[in-house]
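> pasting the sequence and the predicted coordinates here, then a few questions.
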Amino acid sequence: MSHHDHHTPSDQPQDVVESIVPMMPIVLPIAGAVLMFLLAFIAIYMA
């Protein structure tokens, strides 16, 4: 009867968004460069 389950924040699964946030300074410039390359490729192809 004296045993109680205490849930700590470490027991909770980590949120997916919170695990990606530290990588944003790397991911955003790469995604931007890929997007600019694709847009430039489409513009040259259409011209």
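That came through, no problem. Numbering: from 1, shown residues only.
> the residue nearest the centre of the chain - nearest residue in space that isn't next to it in sequence?
When Cα atoms, centre = their mean is applied to the chain, the residue found nearest the centroid is I20 (3.5 Å). Distances taken as Cβ to Cβ, 6 or more residues apart in numbering place V27 nearest to I20, at 7.5 Å, with adjacent residues excluded. The way it works is simple: take the backbone N, C-alpha and C, and place the C-beta from them, glycine included.
> and the one you found, what helix or strand is that in?
For V27, the enclosing helix or strand under DSSP states H and E is helix 24-46.
> buried stuff in that helix?
Across helix 24-46, burial judged by 16 or more other Cβ atoms under 10 Å covers no residue at all.
> which residues does that helix contact?
The contact list for helix 24-46 (Cβ atoms under 8 Å, 6 or more residues apart in numbering) reads I20.
> quick one: end-to-end length of stretch 16-28, please.
Stretch 16-28 stretches 17 Å from its first residue to its last (Cα to Cα, to the nearest Å).
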